[in-house]
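>>> Compute the structure for the input listed below.
(2 chains)
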Amino acid sequence: MLSLLDLLGTIGGSILGLPGILGVALGMTTRNWIVAMILGGAIGVLSPLVLGGHHSAHVPITTLEYSVSTIIGLLAGLVGCAIRHKGARV
Amino acid sequence: METNLGEYRQTVHYNNHSGVRAICSDCHVPHEWQYKMKAKVMAVKDVYHEVMGTINTSEKYEHRRLEMAAAVWKKMKATDSRECRNCHAFEYMDFTIQETRAAQNHQRAVDENMTCIDCHQGIAHDLAPGYLEEYQHVVETLAQSKLQDGSGGVDVASIKSYLGISAD
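Numbering: from 1, shown residues only, chains lettered A, B, ... in the order given. Down below sits the predicted model:
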């Protein structure tokens, strides 16, 4: 059973990690909301695969980790896109 | 944090023949960025309890020792002792130059898919009374949650046999 602290940690880790940071960055490259979501989501899916491995330990990446990472990636993409839209009006 | 720091300073991870030191973060904070950030977020709880004085006397510390140890064991068991394996990996071990007992047990651990924390619970901090039962409980809880997730279970029987507890 996953604890609330573990869930918060997973969400925080994703926001401060690749899905959050690169998601926003990629989201800012487009004004199309759908494309921004796809870019952010793709980073969210790839992130646990790219950064989750270890040279010796065999740590399974859980469904929840994938889900949280993907959702954070999608949201980060949307935030990036919103920044792009807002920036275009200034 | 003074009690556990003092205990750690009496261990081989602090002073040893090779002069290599493992500091707190080497064992408690993952190297991988994603999991490192997760650990930092979760450490807010530790800061809160440090500020609130939850374990600021030896009596309070001893009262919570087993609970705190179990939380770390659970994390280590779930992550296949990832932080231990940053320095100690079965792949890099030369069993021929280890003590006979260590070599036998490490080979057994490889064969039975065990992980570092299955045997090395008190490697850096003192152990509370009843720690074996608590560790067994941690292993069983994780095995159950893994079965519920459908991701397969850990080999509880082999760990029980190693700990000298009869497998039911």
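
>>> what's stretch B:80-95 in contact with?
Outside stretch B:80-95, the residues within contact range by Cβ atoms under 8 Å, 6 or more residues apart in numbering or on different chains are A:54-59, B:22, B:26-31, B:35, B:76, B:103, B:106-107, B:109-110, B:115-117, B:120. For glycine as for every other residue, the C-beta is placed from the backbone atoms N, C-alpha and C.

>>> go on, stretch B:47-63?
B:1, B:3, B:64, B:68, B:128.

>>> The closest residue to residue A:28 other than its chain neighbours: neighbour count?
Spatial nearest neighbour of residue A:28, chain neighbours left out: residue A:80 (4.1 Å); criterion: Cβ to Cβ, 6 or more residues apart in numbering or on different chains. Other residues within reach of residue A:80 by the criterion other Cβ atoms under 10 Å in any protein chain shown amount to 22.

>>> Within range of chain B, give me the residues from chain A.
Within chain A, the positions adjacent to chain B are A:1-2, A:5-6, A:8-10, A:12-14, A:16-18, A:47-48, A:51-60, A:62-63 by Cβ under 8 Å from any Cβ of the partner chain.

>>> can you do 6 Å?
Selection of chain A residues close to chain B by Cβ under 6 Å from any Cβ of the partner chain yields A:1, A:5, A:9-10, A:12-13, A:16-17, A:51, A:54, A:56-60.

>>> Give me the buried subset of these.
A:9, A:10, A:12, A:13, A:16, A:17, A:51, A:54, A:56, A:57, A:59 (16 or more other Cβ atoms under 10 Å in any protein chain shown).

>>> Take the residues you listed and write them to a markdown table, including secondary structure, distance to residue B:42 and pLDDT.
Converted to a markdown table, these look like this (DSSP: H, G, I helix; E, B strand; the rest coil; distance: Cβ to Cβ, whole Å; pLDDT from 0 to 100):
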| residue | secondary structure | distance to residue B:42 | pLDDT |
| --- | --- | --- | --- |
| A:9 | helix | 4 | 90 |
| A:10 | helix | 9 | 90 |
| A:12 | helix | 8 | 92 |
| A:13 | helix | 9 | 90 |
| A:16 | helix | 12 | 91 |
| A:17 | coil | 14 | 90 |
| A:51 | helix | 18 | 80 |
| A:54 | coil | 19 | 76 |
| A:56 | coil | 23 | 76 |
| A:57 | coil | 19 | 76 |
| A:59 | coil | 16 | 79 |
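
>>> Please enumerate the helices of chain A.
Here chain A has its helices, by DSSP state H, at A:4-16, A:18-27, A:33-51, A:63-89.

>>> So which bits of chain B are right by chain A?
B:32-34, B:37-38, B:41-42, B:45, B:79-80, B:82, B:85, B:89, B:145, B:151.

>>> Got the confidence number for residue 33?
In the absence of a named chain, this looks at chain A. On the pLDDT scale, residue A:33 is placed at 95.

>>> oops, chain B please
85.

>>> Spit out the contact partners of it.
A:17, A:51 (Cβ atoms under 6 Å, 6 or more residues apart in numbering or on different chains).
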